[in-house]
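A.B. asks: turn this into a structure:
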Amino acid sequence: MPRSIRFASPDPTPVLVRRFVQLFVGLLLYGIGIALIVRGELGVAPWDVLTQGIAKQTGLQFGLITVIISGFVLLLWIPLRQRLGFGTVMNALLVGPAADLGLWLIPPGLDLWVRVLLLPAGIVVLAIATGLYIGAHFGPGPRDGLMTGLHRVTGWKIWIVRTGIELVVLAAGWLLGGNVGIGTVAFALLVGPLCGITIPMFAIKRPAATTPTEPNVEPAGVAAPGASVAPVPSAEPAA
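C.D. replies: Numbers count the residues shown, from 1 in each chain. Below is the predicted model:
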């Protein structure tokens, strides 16, 4: 199974409480952001194109399929020896139901001008949610972990791995009947820069003693190429 993340020592209670709150709020907003983009009906993110396509072919709920896909992606972590965190599991379990909630709250078939507004709103909400959930430091989501694991094993650059995954997923979703449109392109172009703002904004500062065994990642759960963990200084007094 994927290796779990262990913490050297617990965070102070206020920090730990904030981390949990930020994680769950972020995952809830992540699902709502997906729902906003889906109801915009102008195209969705590649993974959601795949989810839509499977939903059309099987009749299963969007959220349930999201959970199933997350579970399948987690299985791909095993040969990659990718680390599993609490946030990884919560991401796999909660984003789908949160998306279903958003799809229930927002009716389909809205006027064009409303749908045009839903698209950028969904992208912004998704970026904020990503900053909150990644900033809680509970581990990457299934898809982020797949990307960083492939990067580490293959040695390919992050952008090559990410682009390859997105293209394969997008093609599969399109072949299954998923919705591809201007929103798909807008998501690809805008969500990265927006997350570059939100992730540092919501990153929780933690005591140094609690972080040595966590994976070394850049904001948004992306492993820095060539990054390594610094050695622990010797406890012996200087001569």
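A.B. asks: tell me the contacts of Ala121?
C.D. replies: Leu36 (C-beta atoms under 8 Å, 6 or more residues apart in numbering). The way it works is simple: take the backbone N, C-alpha and C, and place the C-beta from them, glycine included.
A.B. asks: buried ones in the strand or helix carrying it?
C.D. replies: Element membership of Ala121, judged by DSSP states H and E, is helix 112-135. Buried residues in helix 112-135, defined by neighbour count with 16 or more other C-beta atoms under 10 Å: 115, 118-119, 122-135.
A.B. asks: mind checking the SS state of the nearest residue to Thr154 once chain neighbours are set aside?
C.D. replies: Distances taken as C-beta to C-beta, 6 or more residues apart in numbering put Val161 closest to Thr154, at 7.1 Å, once the chain neighbours are dropped. Under DSSP: H, G, I helix; E, B strand; the rest coil, the three-state class of Val161 is helix.
A.B. asks: list the contacts for the residue lying closest to Asn91 once chain neighbours are set aside?
C.D. replies: Nearest non-adjacent residue to Asn91, counting by C-beta to C-beta, 6+ apart: Gly141, 3.8 Å away. By C-beta under 8 Å, 6+ apart, the contact list for Gly141 reads Ser70, Gly87, Thr88, Asn91, Ala92, Val95, Tyr133, Gly221.
A.B. asks: next one: Gly141 from Asn179, what distance?
C.D. replies: Counting by C-beta to C-beta, to the nearest Å, the gap from Gly141 to Asn179 is 22 Å.
A.B. asks: show me what the longest helix seen in the chain is packed against.
C.D. replies: With secondary structure taken from DSSP state H, the chain has its longest helix at helix 13-40. Contact here means 3 or more C-beta pairs under 8 Å, 6 or more residues apart in numbering; DSSP states H and E; on that basis helix 13-40 packs against helix 46-58, helix 86-105, helix 112-135, helix 182-202.
A.B. asks: what mean pLDDT does that helix get?
C.D. replies: The pLDDT scores in helix 13-40 average 93.
A.B. asks: can you report how many residues neighbour Val185?
C.D. replies: For Val185, the count of nearby residues is 12 (other C-beta atoms under 10 Å).
A.B. asks: any idea how far it is from Leu119?
C.D. replies: Distance from Val185 to Leu119, by C-beta to C-beta: 11 Å.
A.B. asks: how about the residue minimising distance to the centre of the chain, phi and psi?
C.D. replies: The geometric centre of the chain, computed from its C-alpha atoms, lies nearest to Gly141 (C-alpha atoms, centre = their mean), at 4.7 Å. Main-chain dihedrals, Gly141, degrees, to the nearest 10: phi -70, psi 170.
A.B. asks: thinking again about what came up before, got the angle for the longest helix of the chain vs helix 46-58?
C.D. replies: Between the axes of helix 13-40 and helix 46-58, defined by axes from the mean of the first three to the mean of the last three C-alpha atoms, to 10 degrees, the angle is 60 degrees.
A.B. asks: helix 13-40 vs helix 182-202, what angle?
C.D. replies: Using the same axes, to 10 degrees: helix 13-40 against helix 182-202 is 170 degrees.
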